Structure formats: C-alpha cells, structure tokens
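> Kindly return the folded structure for what I paste below:
(2 chains)
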Amino acid sequence: STLPAVAEELLREIKKAFQETSQVPDDLLLGLKFIFGPSAVPALDLVDQRSVTRVRAPSGRILYQVLGSSGKLYTCYSSCHFCTCPAFGFSVLQKSESLLCKHILAVYLSQAMGACQELAVSEEQLTNILLAEEEDEG
Amino acid sequence: LCRGGLAERLCQLQNRERSAISFWRHQCLSDDKIPSDKSGVLIVKILEIFEECTIQVAICQQLEQSSAMLSHEDAVINAEEPILKVLFTRETAAHLKSRPQDVIHIYPPWQKLLLQNADVPVIMNTHFSQKVLLSEHSEARERTYGLTKMLIRKNIISLAQTFRLDDFDDKLHQESSDNQVPCAPQTHKNSDSKQRPSALSAVNDSLLEMVESQGAVGWREVQVRVIIQRVYCLPAREGYRSHTRGNQPLCATPVANSRPPNVRLCLLVQDAYGMFSEVQLQSLSSTDDIEQYCRRWEGKSCCLAGMKILQRTTRGRALGLFSLIDSLWPPVVPVKVPGQSQDSEMMTTNIPPPSFCYILTVQSGEIHVEVDEEEQISNLYQPPAVHGLKEILRMDGCNERCSFWAQVLYQRLQSKHSVPIDQREMLLFVTDSTLQNVVHGIPRVVAVSVTASCVLSMEIKEALSADSRLVFFKDALWGNGRIICVERTVLLLQKPLLCSAAGADLSELTGPVRLDELDSTTQANSICALRGTVVGVNESTAFSWPTCNRCGNGKLELCPQDRELLYCNQCSEVVTTPVLKMQLEVFLSCPSLFESTVKVKVWHEISMALFVLLTLLLFLQTYEVQSVLGKEVGLLNCYVHSVTSHPNCVVLEEIVLL
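Here you go, the predicted model:
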C-alpha cells in the first residue's frame, strides 16, 4: 500500500519544518488537506486548541486522549490506529474511506509540533481508562 | 476556529485553491486547447490504477515533453523512463475518468514527495490535471469508455501500520532526555535556539502577536509588557484544564488526598490592545500570603518572557474566567486597535468583549515575570468595584462578579463526611451596614457559599474561626439569588487600597448585629433570631457530656490509672474540671410564626460546680419538664436546618455568633 507511507512522510516533513522554523509551510498544510481530506482542518483545530494529551504509565504504556470539539474525551491508541470516536468506526473501519479520524491525525500533528500535553498516571489509572472505554461500548 | 491558528490558515489556503481549481477548469473548457505555457507541467502515462481510501493511486510513467507531441501509439513503454506514483483526489479522479494508457498533463502547483524506503517518487496536489487526447481514434474510444464503468481495485489499509515520526537519532535523544520535560523531541534543539540572535531588546506590547508569531515551543527571547489586573490562586490539579466541566476525568481514580493542598499563584493580565491572558506562576506554600501579592502587584505593569502556552480557551469552556474578564470590560482607557498605527485614533467603545483567552505558564524552572513594583498604578487597571450588599442583592443578571466588604457573623462547614475537609463547602453568614439598617423586604444577613475551588489562605481560615471579622470579598460571583465564592474569588482581611467605592460603605458596623427574626419567609440554611415559649420537650434527645475545659474536646475518656478521672487525648492530660455540655430539643411557640411547630436544639455549657446538682435533678427526671415548660426563651440565635410544610415545621439549632 502506498498511502500510509505517503502520510508518514508528510508528517515527518511537517515535523522537520516545524523543528527548524517553528512554522508549518503552506504547501505542507495543503498536502495534509490533499491526503487526509475533511479531517485535516478539524485536526489542526484540535492542535491549535492543545486538545491532545499523552497519557503515560510507569511501565511505558502510552495512550492518547483527545478532547473533541463536542467536549467529549476520546481515546486513541498508540500501538495501532484506533480511536473511540464514532467517525473512526464509520469512515475508517466500515467504509475504509479514511486512513485516520481527525483525533488520530491531531495526535500525530501534536507529536510533530510538540503540542502534546503530558500526563503521568499509575498503571491502574491507565487500565481504568482503557476499561472505561470498553464499558461505554458495551 | 482559532484566530491565527493553523486550522484557519489551512481554511484560507483551501478556499484559494478551490477557486483556482474551478477557474482553471473553466479556462480549460473554454480554451479547449493545451495552454502554451509548458513550464513545470508533468506529463505522465498511466500504467495501472488502484484506490486507497478515497485517493486514487496511479502508477505512471513520466514522459518527456517532446513526446507529448508524438502520437499515442508511439509512446512506447521504455524501461528506462522514470516511474512515478501519482495521487489524485476523488474529485480530480472523477473529473479525469482516467484509464490505463491515458496520458495526463499535470500543471503546477503539484508536489513531489520522496519516500524514505521507496525508489518511486510520489506526486501530490494534482488538482490541475488534464487528460490529453492525442488522436481522433482515442477520442472515440474515450466516448465509449465513458459509458462503461471501469472497476478499480481498492487496497484496504491495515490499522496496524502506524506512523513513526522520529528518525533514529531523534529517538536516541528522546530516551536519554529528562522525562519531565514536556514535548521531548524539542530538547536537543534548545542549544540551537540559544545561539540564534536574541531579540531581548524588543519589548512587545501585544500578547496575540507574540502567540501567533512564536508558535507553541515557547518564546525565549521576546518580552511582552502587560498590566496585572488581578492576582489570585487556583487549586492546582494534574492535567489542569479549564474546560473539563462535565467530562470524564482524565484519571479514572481521583488523585491521592494525602498530598498537601497545592495552589498556584495566577495573574490575569491585559495588554495594550485590551487582550487578556491568565498566567499561571509557581505553586504557593500555605505560608505564602496571597494578600501581599495582591497588594504589591495588582495594577502594576510587568514584563512576561519565556512563557509557554498551556491552552487557548474560549468563553463557552471557561465561564468562570470569562465572568471575571467581563467584569473588567470595557477597558477604562482607550486601547490600541491591531493593524493600525500607534498614532491613529484609539477606540474603546464598540469593541465586543473577548471571546478567547490564552492561558500561559512559565517554562519549568524559570520564572520570567518582572513586576515593576515601584511604578505607579497603570491607567488601564480596573480595581474591583465595591458595592454594599443591599445593592448586590438587587443586581440583575447571572454570573456577575461582585466585590464587597462585610462582617462575617457565623461559619458553617458542610457536613458531608465522604468529602475530605479541605474540599468541603462552607457557608459564611455576612452582613454590612447597608443590610443592617434596612427596614423591610431585604434580609439582614446573607449566606455566602464558599466552594472548595475558592482558595483560602491560612490566615483567613484562622481569622474566620476565631472571631467576627470584616472580610473583603473580591470578585465573588452573584447569580440565581446567591453569592458564591469560586475559583478566582479572593478573601482578604484588609480593606482594598484602591477601589471604586461608589456608594459602598466601608465603615465598621455601629451597634450590635441584628438577625432577621424567624417568620414565614425564613428559609433553610440561613440564620435567624427567635423568641418564644417552651411548649414541649423532646426528652429522648436530652443529652449531656463532659468536655475538656482547655480544648473543648467532647470525646473524653476514662483515665487508665484512675478510672474516676477524665482524660483528654488531644491535650494528653487529665481533665480536672470538665465543662458539661447539655443538649436538648425543645418545642417552642413563637409569636412570629404561629402556624408552625418550631423545634430548636439548644445546648448549654455549665461548669463543674453545677454538674452535681444537675445530675441529681436529671436523675429525678422532674426538672426538665416542669421547670422548662412555659419558660420564655428570648432572642436565641439559631441556624435553620430545615423548613417543611405539611406538617409545617421548622428545625433549628442554637448557635453562637462569632
């Protein structure tokens, strides 16, 4: 498959440009729009609002929590592309129309631009967050 | 969308691009010939097409420019011609309706991306693409093809394939750097930024400009001059965010209560353009005095440098912060308007109140806030507007910040035991001369609720438990008929130095304080005075117990050595002269409230001397009922526990005012 490699390279370019100039050039922004389509602007908005938190447990296990525009908190996994938002279930899983949802994209962009908030929690707390997601869906 | 944010910029770029695309397409249609300007045009021949998500991937061969003129059949596939992967959006693909063997002209601006582990370059941003039909033969074929639908293979992308943004050397740096530094990838670049020429000399006066131009990494060199409108403390929580109302907590289990309460000193600052920002400074220990900071810093100007943007919050997500900002709006002096020169007319009317606010914090370990304490108070400073309580009770509106100076008469802690002491709500009953001198219609005493989020200094807490004090309530919240102290409200013991005190009376109360008398309008959780006659006694509630005469501890124990003596654990000493507390519930008939049963829990302390006599009398069980019935009870101060109708009953408890 081609698209993931392209997406990854684009995000790396953004990270590099941001590290060097603290800015993201226009052509890379348009590239984001080209590859990710309608998720691009909402994802950037989430980054502007510093909505992404990297949650880390002492074991090194990590997950991301993104505060969505509706005020709901979504969990994104770090080991694979997964998000608890309904758009992910629909666009990515069901229809394979997108690579990512806006929350996962926001996670990557926040990583690239150093805009993640950091939160250290205990193992138990992280487990609870993951289990809580399970309960919601059940 | 955030003003000046990346999302807004992309929106603008996207709109421009869309107009350019439609204009170009329109031009292509009307011209109906290949545009003469060939520079930058990529010419490709499609070999294979497949789809991934909504992107169409075309494996193509790049053709030389000259070969565009050759006929279609002459363009033989040459193994040496470079292969490209050209991506098209769904929309462009629908427009092109490409098939293998088609020749496409891709006009600039397009982008080439070289992938790390692949040889084949990728072409993106291919919005300005046009299919070229080289001969009549192909035109006819095109028409027939247009009628049949071509099936394109769709690749399903695995979710297991995540993106790795760090290169190997980045990863090494990340692992070795301190875990506590947020946004780790930046650490190895810090030395670079220091070598850049610093702009320390430039002191800017716009917060927004600083935020927009410097980005999120932090501005190390540039300083912003602002004035401090308010100083207050906020309870510090891990992962503090002002917009977590109603959301799931970030941690499923609450943070351990055993840690000492953590508060951060915060400033609400305003720049010359009228924009606000909340700056979170260092943690305060319990001995630090917020009152000192307020006195020394409010109204003064200061320079901020090296701030980190914690958050950009909006009105809808931070009601408390914005109610405070609203109380400071409009500015009292004209503010600058961005985009206009300094000399031009500065206006203050007609500017709407701000809808967003940046929350800044200091970079770890360094404080870059220089307050010019010697300087005069700035003209932009708006001191709290102090009003009498009578005026505040008559205010319209909801969630308005108000400030007042009042005497605290009584303090009552919320009695929920599941909540730790430092997080309990407290009720303070206050009054001032505007309420005391009133005749009718307005209560003489008002209950002010102090929530756990309002940070109280040790000094205030001690003063409130000790005796009746005059307290300045700065920026309390008024709404729904109640005054509450929340985050950003500050309680101070000293009169404010500077305040717009139109109509406020900061004088002491003359004469004894009077409470409202119990009547039909009395509500629960208030205090009142009552008088009446005892008509009944609830004997089952008669209760007496000895207390320590030194500390008031009600849980005395028998001395292990001598079981006739009492011992106090808190003082670690024997109690030789205990104070006896007696408690009794009596039913009163009150002239001011005939229809209701009034039940009052009264209690008294009596000294040891009477102890013996009373024990005797209680034993006889004749004393209570006979000598108490019919007794006049005069002006008792009470706290109202509950007021019920059906049956009409008021339950109170005798209290002692501070």
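
> and the residue nearest to residue A:87 when sequence neighbours are not counted, how far is that from residue B:523?
Spatially, and ignoring its direct neighbours in sequence, residue A:87 is nearest to residue A:101 (4.7 Å; C-beta to C-beta, 6 or more residues apart in numbering or on different chains). For glycine as for every other residue, the C-beta is placed from the backbone atoms N, C-alpha and C. Note on residue A:101: its distance to residue B:523, by C-beta to C-beta, to the nearest Å, is 51 Å.

> For the two, indicate the residue with more neighbours.
Neighbours were tallied for residue A:101 and for residue B:523 using other C-beta atoms under 10 Å in any protein chain shown; the higher tally belongs to residue A:101 (29 against 11).

> wait, isn't the more buried one in contact with residue A:84?
No - taking contact to mean C-beta atoms under 8 Å, the distance of 9.7 Å between residue A:101 and residue A:84 leaves them out of contact.

> quick one: what helix or strand has residue B:543 in it?
Using DSSP states H and E, the secondary-structure element containing residue B:543 is strand B:527-547.

> What pairs with the helix or strand that that strand is followed by, parallel or antiparallel?
Using DSSP H and E, the helix or strand that directly follows strand B:527-547 along the chain is strand B:557-558. For strand B:557-558, the paired strands and their directions (DSSP bridges) read strand B:566-568 (antiparallel).

> Return the set of buried residues in the helix or strand following the strand it pairs with.
Stepping forward along the backbone from strand B:566-568, the first helix or strand reached (DSSP H and E) is strand B:573-575. Residues of strand B:573-575 classed as buried: residue B:575 (neighbour count, 16 or more other C-beta atoms under 10 Å in any protein chain shown).

> Strand B:573-575 - contacts with which helices or strands?
In terms of contacts (3 or more C-beta pairs under 8 Å, 6 or more residues apart in numbering or on different chains; DSSP states H and E), strand B:573-575 is packed against strand B:566-568.

> Tell me how many other residues crowd residue 40.
Since you didn't name a chain, this refers to chain A. 24.

> nope, chain B please
10.

> can I assume it sits in a helix?
No - Residue B:40 sits outside any helix when classified using DSSP: H, G, I helix; E, B strand; the rest coil, being coil.

> domains for chain B, by residue range?
As recorded under the TED database, the domains making up chain B are B:1-21+B:39-64+B:80-133, B:203-211+B:221-236+B:262-332+B:353-382, B:389-492, B:526-654.

> Same list (these) but as a markdown table, adding mean pLDDT.
What follows is the domains of chain B, written out as a markdown table (pLDDT from 0 to 100):
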| stretch | mean pLDDT |
| --- | --- |
| domain B:1-21+B:39-64+B:80-133 | 87 |
| domain B:203-211+B:221-236+B:262-332+B:353-382 | 82 |
| domain B:389-492 | 84 |
| domain B:526-654 | 74 |
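
> Turn the ones you listed into CSV, including distance to residue A:30.
Rendered in CSV, the data for these read as follows (distance: least, C-beta to C-beta, whole Å):
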stretch, distance to residue A:30
domain B:1-21+B:39-64+B:80-133, 6
domain B:203-211+B:221-236+B:262-332+B:353-382, 24
domain B:389-492, 42
domain B:526-654, 64
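
> about what we covered before: which helices and strands sit right next to the strand holding residue B:543?
Counting contacts by 3+ C-beta pairs under 8 Å, 6+ apart, strand B:527-547 is packed against strand B:579-589, strand B:597-606, helix B:608-620, helix B:623-628, strand B:632-644.

> can you map out the strands along chain A?
Listed in chain order, the strands found in chain A under DSSP state E are A:52-56, A:62-67, A:73-77, A:117-120.

> likewise the stretch 251-400 of chain B?
In chain order, the stretch 251-400 of chain B shows strands spanning B:263-270, B:276-284, B:301-305, B:307-314, B:356-362, B:369-371, B:400-413, with DSSP state E, counting those that start in this stretch as the criterion.

> Can you show me the helices along chain A?
Per DSSP state H, chain A has helices spanning A:3-21, A:26-36, A:40-48, A:86-87, A:102-113, A:123-137. These are given in chain order.

> can you put the strands of chain A in TSV and add mean neighbour count?
Conversion of the strands of chain A to TSV gives the following (neighbours: other C-beta atoms under 10 Å in any protein chain shown):
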stretch	mean neighbour count
strand A:52-56	21
strand A:62-67	22
strand A:73-77	21
strand A:117-120	17
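
> TSV for those, including mean pLDDT and distance to chain B?
Written out in TSV, the entries for the strands of chain A read as follows (pLDDT from 0 to 100; distance: least, C-beta to the nearest C-beta, whole Å):
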stretch	mean pLDDT	distance to chain B
strand A:52-56	93	7
strand A:62-67	93	6
strand A:73-77	91	5
strand A:117-120	90	5
